[in-house]
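Trainee: I would like to see how this sequence folds:
(4 chains, ligands or ions: 4)
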2 protein chains.
Amino acid sequence: MFSIGQLSKQTGVKVPTIRYYEQVGLLVSAGRTEGNQRRYDTDGLERLGFIRHARDLGFSIEAITALIDLQQHPDRSCQEATQIAQHQLTDVREKLLRLKALETELVRIADGCDGEGNSDECYVLASLADHQHCRGEH
Amino acid sequence: MFSIGQLSKQTGVKVPTIRYYEQVGLLVSAGRTEGNQRRYDTDGLERLGFIRHARDLGFSIEAITALIDLQQHPDRSCQEATQIAQHQLTDVREKLLRLKALETELVRIADGCDGEGNSDECYVLASLADHQHCRGEH
DNA sequence: CTTGAAGCTCTAGTGACTAGAGGTTGTAGA
DNA sequence: TCTACAACCTCTAGTCACTAGAGCTTCAAG
Ligand SMILES: [Zn+2]
Ligand SMILES: [Zn+2]
Ligand SMILES: [Zn+2]
Ligand SMILES: [Zn+2]
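Mentor: Ligands and ions are numbered 1, 2, ... in the order given. Next up, the predicted model:
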């Protein structure tokens, strides 16, 4: 049996975060000591590892809840799991497109001024004031 | 003079958002009517355009506050403006790197299962359970 | 002068934590 | 067995940039 602190060390998830996961129903402790402290078994350790990894990949708490639910029912179809993963991939790709567009504009803007002049003739400020300066949409 | 609704239409910023910008000190109205409604002049319109564009480029409220402050003082050096822009560019590039790594892993994960099987042999769930499956860091 | 769209303030909710206050428990060493 | 103190507990509030809603008032067109 592990204390919350030991779980934290093993997974790299902070103690308050583990308590937060319990609050939102993602991870229940195996039980409590007489003095009301949480104790976890290896199941809990593995589940927290799952949560951590999925969070690192950007899955939402809601999505992870659904995935864990699926994992608890080995006889169910995994269709929902692939759908969730596909959705997450789509999401990441959209963000990538947006960020690439931002990068293009920001390179132009940030490199357009050396910071030696005064703000009334600053290319950074002028670019922010008018989207017309931008090469593309963003 | 424009009402808050007219300002909203011209800039594409929602009415509650404009009020929020006032609350955090970004945009003050030119005055109020006898009945306490906000009225803006072209200065306000331009400033809101600036805010909108900077937000679209991902600058934080705090950064925009500093930029507008600088804009109000045309005789000051624009060094801070370029620093803020460079910082934003760095930030975007870091996010891009992270998202690219995520995309790589998610492609593998999402395409690794067709969703036809049961969840106990699902590649998506197995991949999330163990970072060992991953090709790189993320 | 009436009507209804648009305005006002204030509070609370979003997501995924994080920080802090103020109190209790577990455990290792003496 | 006692003591010290790290680790634990709960609860509240703060983060960021909005967004939603309740309940009320004002503006402007017909
Ligand atoms: Zn400059
Ligand atoms: Zn632009
Ligand atoms: Zn599957
Ligand atoms: Zn991984």
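Trainee: doesn't residue A:135 lie inside a strand?
Mentor: No: according to DSSP: H, G, I helix; E, B strand; the rest coil, residue A:135 belongs to no strand; its state is coil.
Trainee: quick one: contacts for it?
Mentor: Residues near residue A:135 by C-beta atoms under 8 Å, 6 or more residues apart in numbering or on different chains: A:104-105, A:108. Backbone N, C-alpha and C define where each C-beta goes, glycine included.
Trainee: out of the residues you listed, which are inside helices?
Mentor: Residues of the contacts of residue A:135 located in helices (DSSP state H): A:104-105, A:108.
Trainee: which residues sit in contact with the residue nearest in space to the middle of chain A?
Mentor: By C-alpha atoms, centre = their mean, chain A has its centre lying nearest to residue A:58, at 3.7 Å. Residues near residue A:58 by C-beta under 8 Å, 6+ apart: A:88, A:91-92, B:102.
Trainee: secondary structure added to the residues you listed, as a markdown table?
Mentor: Below are the contacts of residue A:58 laid out as a markdown table (three-state DSSP):
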| residue | secondary structure |
| --- | --- |
| A:88 | helix |
| A:91 | helix |
| A:92 | helix |
| B:102 | helix |
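Trainee: hmm, back to that, give me phi/psi at the residue nearest to the centre of chain A?
Mentor: phi 90, psi 10 (degrees, to the nearest 10).
Trainee: re earlier: filter the contacts of residue A:135 down to the buried ones.
Mentor: Applying 16 or more other C-beta atoms under 10 Å in any protein chain shown to those, the neighbour count classes residue A:105 as buried.
Trainee: which one of the contacts of residue A:135 is nearest chain B?
Mentor: Of all those, residue A:105 has the smallest distance to chain B: 6.3 Å, by C-beta to the nearest C-beta.
Trainee: out of everything not next to it in sequence, what's closest to the closest one?
Mentor: Leaving aside its sequence neighbours, residue A:105 sits nearest to residue A:134 (C-beta to C-beta, 6 or more residues apart in numbering or on different chains; 5.3 Å).
Trainee: what number of residues lie near the one you found?
Mentor: The local packing of residue A:134 (other C-beta atoms under 10 Å in any protein chain shown) involves 17 other residues.
Trainee: so who does it touch?
Mentor: Counting by C-beta under 8 Å, 6+ apart, residue A:134 has contacts A:105, A:108, A:127.
Trainee: tabulate those (JSON lines), appending pLDDT and distance to DNA strand C.
Mentor: Supplementary listing: the contacts of residue A:134 in JSON lines, determined by pLDDT from 0 to 100; distance: C-beta to the nearest atom of the strand, whole Å:
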{"residue": "A:105", "pLDDT": "98", "distance to DNA strand C": "25"}
{"residue": "A:108", "pLDDT": "97", "distance to DNA strand C": "30"}
{"residue": "A:127", "pLDDT": "98", "distance to DNA strand C": "28"}
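Trainee: tell me the one among these nearest to residue A:43.
Mentor: residue A:105 (48.6 Å; C-beta to C-beta).
Trainee: wait, that closest one touches residue B:56, no?
Mentor: No: counting by C-beta atoms under 8 Å, residue B:56 is not a contact partner of residue A:105; they are 9.4 Å apart.
Trainee: overlap of the contact sets of those two?
Mentor: Joint contacts of residue A:105 and residue B:56 (C-beta under 8 Å, 6+ apart) are residue A:138.
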